[in-house]
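[1] A structural model of the following input is requested.
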Amino acid sequence: MSTADLTVLSLGRPDVSASEYIAEIQRSLAAQDKVRYRMHAMGTSLEGSTTDILELVGQLHAVPFEQGVPRVYSVLKLDERRDKPEQTLDDKVRSVERLLDSD
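    Numbering: from 1, shown residues only. Here you go, the predicted model:
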């Protein structure tokens, strides 16, 4: 399993707010069932196979273009651990929290 963090930036939009574009990306995420996701303040965390994540990122990158934006800039951070293939986003957070709890 892989985990990823995705930020899709809609450039050249008429308004300063990006909420409309982010909402449409979240709708696209909700319409699929291969990759688990969690929106956060600066993007979206993804969890699934590398192949599924990369395919989905291509689809999400296109969403603002479909809304008429002339330029889209996407940032993807992808992490794949083959020694721990079942590691989830929650597992990663819990690992750090355990260390903090022992302080």
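[2] Which residues does the lowest-mean-pLDDT helix or strand in the chain contact?
    Within the chain, no helix or strand scores below helix 89-101, which has a mean of 95 by mean pLDDT, DSSP states H and E. With contacts defined as CB atoms under 8 Å, 6 or more residues apart in numbering, helix 89-101 is touched by Thr3, Arg36, Arg38, Ser45, Glu47, Lys84. (Glycine included, C-beta is placed from N, CA and C.)
[3] what pLDDT does the third one get?
    Think Arg38. pLDDT recorded at Arg38 is 97.
[4] Just want to check the distance between it and Ser17.
    22 Å (CB to CB, to the nearest Å).
[5] more crowded one of the two?
    More crowded of Arg38 and Ser17, by other CB atoms under 10 Å: Arg38, with 12 against 9.
[6] And the least confident helix or strand of the chain, what's buried?
    Leu89, Lys92 (16 or more other CB atoms under 10 Å).
[7] export the contacts of helix 89-101 to CSV and tack on distance to His61?
    Listed next are the contacts of helix 89-101 as CSV, based on distance: CB to CB, whole Å:
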residue, distance to His61
Thr3, 18
Arg36, 19
Arg38, 19
Ser45, 17
Glu47, 18
Lys84, 28
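[8] Among the residues you listed, which lie within strands?
    Using DSSP state E, the members of those that fall in strands are Thr3, Arg36, Arg38, Ser45, Glu47.
[9] so where's the longest helix in this structure?
    If you go by DSSP state H, the chain has its longest helix at helix 50-66.
[10] Following element in sequence after that one, please.
    strand 71-80 (DSSP states H and E).
[11] give me phi/psi at the nearest residue to Gly48 once chain neighbours are set aside?
    Spatial nearest neighbour of Gly48, chain neighbours left out: Val35 (3.8 Å); criterion: CB to CB, 6 or more residues apart in numbering. Backbone geometry at Val35, expressed as degrees, to the nearest 10, gives phi -120, psi 130.
[12] still on that earlier bit, just the buried ones from the ones in strands among the contacts of helix 89-101, in ChimeraX syntax?
    Burial among these is assessed by 16+ other CB under 10 Å; the matching ChimeraX selection reads:
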select :3,45,47
